[in-house]
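Asks: dropping a prediction and its sequence here:
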Amino acid sequence: MPPARSKVEIGPGGARYYDLFLNLLSLGQYSHFIKSVVEKMGIKPGQSILDLGSGTGKNDCFMAEKVGSQGRIVGLDINDEMLSRAWNRCGSYPNITFKKQRIELSVPYKGEFDKVLISFVLHGFENDQKLGIIHSAHQALKTGGTFYILDYSEFDLAKIWLPLRFAFTHWECQLAVEFLKIDMKEMLRSEGFTDSEEEFFFRGHLRLLKTVKPSVSIT
Ligand SMILES: C[S@@+](CC[C@H](N)C(=O)[O-])C[C@H]1O[C@@H](n2cnc3c(N)ncnc32)[C@H](O)[C@@H]1O
């Protein structure tokens, strides 16, 4: 059987050890990194945020602190073990909900959210599915709302430090390798987003891409 093109739909075992794995990979820096990303999202009390592929809910707890009791966080994920871990982690926040929902299919929200986040998920989809997800984010956002994509940046795999290249090509899926060459800003433009800005982390290998749903449609 050929290797799977995507590894983003994590199995139950992977879900159980997901946080531990990221902590080891980042030498204990993962929580600190996510907190600093959430700081950069400029979240204000009372805002509503949709998290696509919310995983174990780490990002959502940090965001819930920021939006406060008047705000709202909705996390969508397909994996029962991830959803149960997210509820365990964030269940004490009254303003968080997690739902089982496939994000490449149309999501049931229209103009409701100030921000949409997708973190380490988008690289694992085929391009037509990526467009579906971007379209869902656009539909779920209020006009003037912001879409944040935290994921791999565009970089040349052949030029990176050899052990890192080895790790990337052995652990990551084919779609992640292809993702490094995709012009995400152009893809976002094609779905009606404007004013893309980017910030880089971990020696430029990771990127927070921020883009806006304009008040006048440009598609
Ligand atoms: C690599 S994890 C990232 C989790 C989290 N966003 C983070 O940054 O830690 C990918 C997540 O996407 C979820 N996922 C994968 N395919 C999905 C799909 N089609 N619809 C919804 N969630 C999906 C997985 O279950 C998993 O929780």
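Replies: Perfect, thanks for sending it. Numbers count the residues shown, from 1 in each chain.

Asks: flag every residue of the chain that's near the ligand.
Replies: 8-10, 53-55, 58-59, 76-79, 82, 102-104, 119-121 (CB under 6 Å from any ligand atom). (Glycine included, C-beta is placed from N, CA and C.)

Asks: just give the number of residues close to residue 134.
Replies: 23 (other CB atoms under 10 Å).

Asks: which stretches of this structure form helices?
Replies: With DSSP state H, the ranges of helices along the chain come out as 12-25, 30-40, 58-67, 80-90, 127-140, 162-171, 174-179, 184-190.

Asks: now do the fifth one, average pLDDT.
Replies: Read that as helix 127-140. Averaged across helix 127-140, the pLDDT comes to 96.

Asks: just the third one next, same as before
Replies: Throughout helix 58-67, pLDDT has a mean value of 97.

Asks: stretch 40-50: end-to-end distance?
Replies: 16 Å (CA to CA, to the nearest Å).

Asks: buried residues of it, list them for me.
Replies: Using 16 or more other CB atoms under 10 Å as the burial criterion, the residues of stretch 40-50 that qualify are 41, 43, 47, 48, 49, 50.

Asks: filter the residues of the chain next to the ligand down to the buried ones.
Replies: 8, 10, 53-55, 58-59, 76-77, 79, 82, 103-104, 119-121.

Asks: quick one: average confidence on stretch 197-215?
Replies: On average, stretch 197-215 scores 95.
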